[in-house]
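Colleague: Got a predicted structure here, sequence first:
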Amino acid sequence: GQHKFHFISLLEHFGLPVARSWWFTKHGWWPARPPAGLRVIAKPTLDSASVGIHRDSVSLVDASLETRLGVMADRFRQAITVQEFIPGFEVEVPVLEAREPKACMAVGIELDGRRNLEDSILVYDDVFADDYEFYDFAEEDPKSAIRIMEFAGQAHVGLGFVGPSRIDFRVSASGEAKIM
């Protein structure tokens, strides 16, 4: 299992590039509410494989956000991780470990024939229907691919993973990568 908010908080502490993140719990926001007007994505904290992520998971921080997150928290019976939304490419980096961690390649997610997802996201329905494709992200941006593979290896070590892991990123059109 994983705890998205704790993992992101550790990686931020270690100086790795992460999306700004907040945690919405039954006690309210931790450490504080995101800034009004910011575009965010809300995710169940303990799930993976896009479980709980739908097209309406991306929204603006507005007066109704807490109500929407409360419904989501009740539905999934857990706190919600809220992250700044990064328009652009969605990239996964598998890391394998024998003697030392080795990032295999930066794997891009393609939806509906689009590699730069811009404002789109991979949602649970896409995963369930296997309605997406993979590609070598180095074909799009070789320098960013190398950089995020290095970040993924560092994250693997910093989080104490043993064996295989996967580190997910959003990469803007300008090449700025953030661990999600």
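Modeller: All right, it came through fine. Numbering: from 1, shown residues only.

Colleague: Against which helices or strands is the helix or strand where F7 lies packed?
Modeller: In the assignment (DSSP states H and E), F7 maps to helix 4-13. Packed against helix 4-13 by the contact rule (3 or more Cβ pairs under 8 Å, 6 or more residues apart in numbering; DSSP states H and E) you find strand 21-25, strand 80-84, helix 142-158. For glycine as for every other residue, the C-beta is placed from the backbone atoms N, C-alpha and C.

Colleague: any weak-confidence spans in this structure?
Modeller: 1 (pLDDT under 70).

Colleague: in its sheet, what does the lengthiest strand in the chain sit against?
Modeller: Looking across the chain with DSSP state E, the single longest strand is strand 89-97. Counting by DSSP bridges, the strands paired with strand 89-97 are strand 101-103 (antiparallel), strand 107-110 (antiparallel), strand 165-171 (antiparallel).

Colleague: what residues are up against M105?
Modeller: 93-94, 136-138, 145, 149 (Cβ atoms under 8 Å, 6 or more residues apart in numbering).

Colleague: ok so it is a helix residue?
Modeller: No: M105 sits outside any helix when classified using DSSP: H, G, I helix; E, B strand; the rest coil, being coil.

Colleague: quick one, phi psi at it?
Modeller: Backbone torsions for M105, taken as degrees, to the nearest 10, come to phi -170, psi 160.

Colleague: thinking again about what came up before, what's the closest of the helices and strands packed on helix 4-13 to D126?
Modeller: Smallest distance to D126 across those (Cβ to Cβ): 18.8 Å, for strand 80-84.

Colleague: And for this protein, the residue most distant from the center?
Modeller: Here the chain reaches farthest from its C-alpha mean at R99, the gap being 27.2 Å by Cα atoms, centre = their mean.

Colleague: returning to what we had before: among the helices and strands packed on helix 4-13, which is nearest Q2?
Modeller: For the helices and strands packed on helix 4-13, the distance to Q2 is smallest for strand 80-84, at 10.3 Å, taking Cβ to Cβ.
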